[in-house]
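Participant: Here is a sequence with its predicted model. Questions after.
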Amino acid sequence: MKSFAYASPTTEGEALSLLAEPGEIEILAGGTDLVGLMKKMIITPDLVVNILDIPSLKTIEQLDNGAIAIGAAVTLDEVLAHPYLDPYPAIGQAIEGISSMQLQCQGTIGGEVLQRPQCWYFRGGRGLLAAGGSAVEDGDSRYHAIFGNDGAAKFVSASRIAPALIALNATARVIGPVATGGSPVGLNGEDASERFFPIEQLFRIPRHEGERESVLARGEFLTHIILPDRRNFASATYEVRQGAGPDFPLAAAAASLRIEGGIVREGEIVLGQVAPTPWISRAAVAALIGQPVNEQTAEAAGLAAVTAARPLSHNAYKVQLAKTAVKRAILRAAGQETGGF
Amino acid sequence: MGRLEAYPTLLQTNHLGQANPVAKKTHVSTTVNNEPAEFLCEPRESLLEVLRDTLKLTGAKEGCNNGNCGACTVLLNDVPVNSCLVLGVEAEGASIETVEGMACEGHLHPLQQCFLEGAALQCGICTPGFLVTAKALLDKNPTPSEHDIRFNLANNLCRCTGYDKIVKAVQEAAKELAAK
């Protein structure tokens, strides 16, 4: 590992002052992704700011409107066990899919959402876009994107929980310097601002090596994920994995559905592991609205979700897996999960 | 706040373009196996390196050094973590338990005894990680099902045993602990 300076602030304001320092800076929470990347010298910060000692980032609170604010540094096992999250099984199912006690106890929800892609060209030191995308195009693309892959970015967004959070209309709270355009907030004198936005807007498809897969500007960081009151929605996550071990899924989907009188009235369906961002499928939802949930309608929604897929040379198999993930997430949300899953 | 005050000097050194500056060492006070422990380490040293190289507790093993194999598992504030992915400086004020802390007054922990009697190890490299992870499970859930055991041990890899004897040893240890 390259040598770096280390700081462990105890307030959000102190963290912001540190993030305003010069040099390359990384935020450390659970470390399950960052420390490995630093060891391989894929990421070589001058300063590491540990946010685990900031108490305000380590709580799960119910707000007066029924929303739930989850601190970015809350560990995954704490999220999984918390009764406030019981009405949102899509989140717990995604965490259970991370079949590693160590990663659940050590990893945080903010870090899970913002973890770097698993793309083997990126992890092999060839950059996020690996030769402008041609390393993947001409190489082994079996775990790469089937959507949103017409630019240089071919990797898939790695987060397991983000599809569920997006399907449940979660909001991100990000704080940073005033220059980022948020509302002023009394964290650190005049210099701090906070902004709230739909969590899907945290992700982007980078166009050049200077961009990352998250929109966070220099000096900003994610402090909370706010789940609106969606207790009248049924939700589920379904991941297609090689086995029951800690491998990453090959395809995944999260669904949240408001079902009244046996008919789907509204919802969100979000695919994971298929594009450089979590991939919202309006087509899948449109196919379900006004329909009852059953094998046929769930299958039709799955088909609608993958109609626009554009696989690369080695990953056409992912189209079928993504279609099935959507179908099974819908059935699971509606309580129709059957044997043979 | 000592660390924060020391920080700007370090960063200036960096920012002025000196290649590969050496970060100052940090003094860390922690608890290891219920005993107070202090050490000096650079921020880039992992907790695993500190345990093995500085504190000479070589029970936790370095396997993949990337969080995949679980051989380095220790308990940090009572939960299992991959110590290769924890920085030594993060141990400040924490409580750490390693495989060396499991035996008590010359008696093996029931998990250790059952691993031994059930031949739940061959080469033994993965064993400290399995023991510590299994202890965390039994501390939390004294009557785990086979599924619970397999699920909780999923991030501990063993290339020798095929896992069956490990699962059985944990089941036996759970029975022994319940009988006590």
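Facilitator: All right, it came through fine.
Participant: is it true that residue A:252 touches residue A:272?
Facilitator: Yes - under the criterion of CB atoms under 8 Å, residue A:252 makes contact with residue A:272 at 3.7 Å. C-beta here means a position set from N, CA and C on the backbone, and glycine is covered the same way.
Participant: what sits in contact with each of the two?
Facilitator: Common neighbours of residue A:252 and residue A:272 (criterion: CB atoms under 8 Å, 6 or more residues apart in numbering or on different chains): A:160, A:163, A:239.
Participant: Can you say which helix or strand has the first one in it?
Facilitator: Counting by DSSP states H and E, there is no helix or strand that carries residue A:160.
Participant: next one: the last one
Facilitator: Secondary structure assigned from DSSP H and E places residue A:239 in strand A:234-240.
Participant: Go ahead and measure how far that strand is from the middle of the chain.
Facilitator: Centre-to-centre, strand A:234-240 and its host chain are 14 Å apart (CA atoms, centre = their mean, to the nearest Å).
Participant: pLDDT (mean, whole number) over that strand?
Facilitator: Averaged across strand A:234-240, the pLDDT comes to 97.
Participant: partners of it in the sheet?
Facilitator: Taking DSSP bridges as the criterion, strand A:234-240 forms sheet pairs with strand A:251-260 (antiparallel).
Participant: give me every residue that touches residue A:182.
Facilitator: A:174, A:175, A:176, A:193, A:194, A:195.
Participant: Distance of it relative to residue A:210?
Facilitator: Here residue A:182 is placed at a distance of 22 Å from residue A:210 (CB to CB, to the nearest Å).
Participant: Also residue B:24?
Facilitator: On the measure of CB to CB, residue B:24 and residue A:210 end up 31 Å apart.
Participant: do the same with residue A:259
Facilitator: Taken as CB to CB, the span from residue A:259 to residue A:210 is 45 Å.
Participant: Please identify which of the two sits among more neighbours.
Facilitator: For residue A:259 versus residue A:210, neighbours defined as other CB atoms under 10 Å in any protein chain shown are more numerous around residue A:259 (19 against 7).
Participant: Isn't that one up against residue A:334?
Facilitator: Yes - with contact defined as CB under 8 Å, residue A:259 and residue A:334 form a contacting pair (6.5 Å).
Participant: Could you tell me which residues touch both of the two?
Facilitator: A:234, A:293.
Participant: Distance of the spatially closest residue to residue A:39 that is not a sequence neighbour relative to residue B:43?
Facilitator: Leaving out its chain neighbours, the residue that sits closest to residue A:39 by CB to CB, 6 or more residues apart in numbering or on different chains is residue A:1, at 5.3 Å. For residue A:1, the distance to residue B:43 equals 9 Å [CB to CB].
Participant: what do you get for residue B:62?
Facilitator: Distance of residue B:62 to residue B:43, computed by CB to CB: 19 Å.
Participant: Neighbour count for those two, which is higher?
Facilitator: Neighbours were counted for residue B:62 and for residue B:43 using other CB under 10 Å; residue B:43 has more, 24 against 16.
Participant: Angles on the backbone of the closest residue to that one other than its chain neighbours, please.
Facilitator: The shortest distance from residue B:43 to any non-neighbouring residue, by CB to CB, 6+ apart, is to residue A:6 (3.5 Å). Residue A:6 adopts backbone torsions of phi -130, psi 140, taken as degrees, to the nearest 10.
Participant: Residue A:6: neighbour count?
Facilitator: Residues within reach of residue A:6, counting by other CB under 10 Å, total 24.
Participant: Please apply the same query to the one 3 residues further on.
Facilitator: Residue crowding around residue A:9 was assessed by other CB under 10 Å; the count is 20.
Participant: and it, what does it touch?
Facilitator: A:15, A:17, A:18, A:49, A:50, A:51, A:53, A:54, B:4.
Participant: Name the member of those with the most neighbours.
Facilitator: residue A:51 (27 neighbours).
Participant: so that one makes contact with residue A:27?
Facilitator: Yes - using CB under 8 Å, residue A:51 is in contact with residue A:27, at 5.8 Å.
Participant: which residues are in contact with both of those two?
Facilitator: With CB under 8 Å, 6+ apart, residue A:51 and residue A:27 have common neighbours residue A:221.
Participant: where exactly do the helices run in the stretch 51-200 of chain A?
Facilitator: All helices of the stretch 51-200 of chain A, identified by DSSP state H, counting those that start in this stretch, fall at A:76-81, A:89-97, A:101-106, A:109-113, A:120-123, A:134-138, A:162-167.
Participant: ok, the fourth one near chain B or not?
Facilitator: No - with CB under 8 Å from any CB of the partner chain as the threshold, helix A:109-113 lies outside contact range of chain B, at a closest distance of 11.1 Å.
Participant: Residues contacting that helix, please?
Facilitator: Applying CB under 8 Å, 6+ apart, the contact partners of helix A:109-113 are A:29-34, A:57, A:70-76, A:79, A:98, A:159-162, A:165, A:199, A:202, A:222-223, A:225.
Participant: With the third one instead?
Facilitator: The set of residues external to helix A:101-106 that reach it, using CB under 8 Å, 6+ apart, is A:30-32, A:75-77, A:80, A:95, A:98, A:246, B:67, B:70, B:73, B:76, B:79-82, B:85-86, B:133, B:136-137, B:152-155.
Participant: same deal with the longest one?
Facilitator: Defining contact as CB under 8 Å, 6+ apart, one finds that helix A:89-97 is touched by A:76-77, A:79-80, A:85-86, A:104, A:160-161, A:163-165, A:167-168, A:235-239, A:241, A:249, A:252, A:254-256, A:329, A:332-333.
Participant: residue ranges for the helices of the stretch 201-341 of chain A, please.
Facilitator: Along the stretch 201-341 of chain A, counting by DSSP H, counting those that start in this stretch, helices occupy A:282-288, A:295-306, A:317-333.
Participant: Please report how far residue A:315 lies from chain B.
Facilitator: 23 Å (CB to the nearest CB, to the nearest Å).
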